[in-house]
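Colleague: generate a structure from the sequence data that follows.
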Amino acid sequence: MNNEFENVLTFKHFFFLWFGAAVSIAEILTGGLLAPLGLKNGILIILIGHAIGVTILSLGGIIGSKERLPALASTRISFGLYGSHLFSLANILQLIGWTAVMIISASRSINLITKELWGFDQIHCWSFILGLMVLIWIFSGKNGFKKINMAAVALLFGLTLILSAVVFKDQKLWTQALPINSSVWGMGLELNIIMPLSWLPLIADYTRFAKTTKGSAWGSWLGYFLGSSWMYLVGLGSGIVSNNPDPTGLMLATNLGFAALGIVFLATITTTFLDVYSAGVTFSNIFPRCNERTVALVIGGIGTALAITAPIEQYQNFLYAIGSVFAPLFAVLLTDYFIFKSRRSIAQTLLIDWGAIAVWMLGVVLYYSLLQTEFCLGATLPVMVLTGAINLLIRKRFLSWKTLKPV
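Modeller: Purely as a prediction, here's the structure:
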């Protein structure tokens, strides 16, 4: 897909792209983890957390649109060529993991629906079908991607309206009031920030093809903020009403099995497409001669096989692992780019910046240390602020250990 989208994606494309990415079972299930907060507190933390997380996400996208660099290639600005290779490997692994998580969680929901409607009980079969549909989506190329994605998201919008009506019609949602527990609040804020953060290693893969930086930034921000906040709210409501964040059972109970089937199927394809395509883009950062689409097809096959053979039961720790790696990474990159004004020209001569690696490693340690304290602001936001501050205060002055390409 190299250069297929060059300078053609506008506000509406980014809005539909990221709205579609946000509408997923994974986001609904994560929102369900906020049920102990109750509806009012849950809504508040969803809006605050997403405003923070999506703003950070959009800043990463701005770098891609201005420098015309994919997400992991842009890390060369701070960490150099070899540093970007290290983070590329980490990103490929997390994207394979996300592909498997998305497929298996969707397969379970679809299987529940088909088992109830037709007595068809084949989770592995649905995993294979979902994986195959994602591969077809990738193979469709530029024109197929834009047309299919916009049509799918438009349909998803209608289906999620039905889903929301089912979840929020229960009156006890609006009368239940729970006290705010600081540890639950911190966990909730973290889960709201970390989901947008998980897309940081991907967003510039798409914004590099933006017609304008403003259009890509606002389209991405609004699309993901609205879509993800909505899905979290659905999961929150479902978790409170039925003690189960997966609303599939509620929709079956109200004879809306076909609508539930459409939501799960379309949402999984639109979201998983982004994972496998970006894995291909990331792989090409290490091996530039590789075709992004071909690699994406291979990664999609691996993720599908993993979903079939090794189902992932829980992914909360998986989200924390992503946060520990990419929160300090992008704290360094964002401060370098927006404050030190480092640009693409630096990446052409820098092999590795050992000072940046040292600051990143310190950020990883800080992340897990804060995670254990159950801090009321979570771990991601404080770690990004602290890592960025350390980067600003000491790295350029005391940790300028760089290996450059020989002249």
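Colleague: where does pLDDT dip in the protein?
Modeller: Low-confidence segments of the chain (pLDDT under 70): 1-7, 141-152, 170-183, 250, 254, 311-316, 344-347, 396-400, 404-407.
Colleague: residue 237 is in contact with residue 168, correct?
Modeller: Yes - look at residue 168 against residue 237 with CB atoms under 8 Å: they come within range, at 5.4 Å. Yep, even glycine has a C-beta here, placed from its N, CA and C like the rest.
Colleague: looking at the two, which is more packed in?
Modeller: Using other CB atoms under 10 Å as the criterion, residue 168 and residue 237 rank with residue 237 on top: 28 against 17.
Colleague: what's the closest non-adjacent residue to that one?
Modeller: residue 167 (4.2 Å; CB to CB, 6 or more residues apart in numbering).
Colleague: what is the neighbour count of residue 123?
Modeller: Residue 123: 18 surrounding residues under other CB under 10 Å.
Colleague: wait, I meant residue 243
Modeller: Neighbours around residue 243, by other CB under 10 Å: 9.
Colleague: next one: residue 338
Modeller: By other CB under 10 Å, 13 other residues sit near residue 338.
Colleague: thinking again about what came up before, mind checking the SS state of the residue nearest to residue 237?
Modeller: Judged by DSSP: H, G, I helix; E, B strand; the rest coil, the three-state class of residue 167 is helix.
Colleague: what of residue 369?
Modeller: Three-state call for residue 369 (three-state DSSP): helix.
Colleague: measure it to residue 383 for me?
Modeller: In this view, residue 369 and residue 383 are 9 Å apart by CB to CB, to the nearest Å.
Colleague: neighbour-wise, which of those two wins?
Modeller: Each of residue 369 and residue 383 has its neighbours counted (other CB under 10 Å); residue 383 has more, 26 against 12.
Colleague: how about residue 342, phi and psi?
Modeller: In terms of degrees, to the nearest 10, the main-chain angles of residue 342 are phi -70, psi 140.
Colleague: spatially, what comes nearest to it if we skip its sequence neighbours?
Modeller: In space, residue 342 is closest to residue 336, 4.3 Å off (CB to CB, 6+ apart).
Colleague: residues in contact with stretch 366-379?
Modeller: The contact list for stretch 366-379, computed with CB atoms under 8 Å, 6 or more residues apart in numbering, reads 49, 182-183, 185-187, 189-190, 193-194, 320, 323-324, 327-328, 380, 382-383, 386-387.
Colleague: coming back round to it: SS state for the residue nearest to residue 342?
Modeller: helix.
Colleague: heads up, I number from 24, so please use that
Modeller: Got it, first residue is 24 now, which makes that one residue 359.
Colleague: that one and residue 239: what is the separation?
Modeller: Distance, residue 359 to residue 239, by CB to CB: 21 Å.
Colleague: before I go, just wanted to say thanks for your time.
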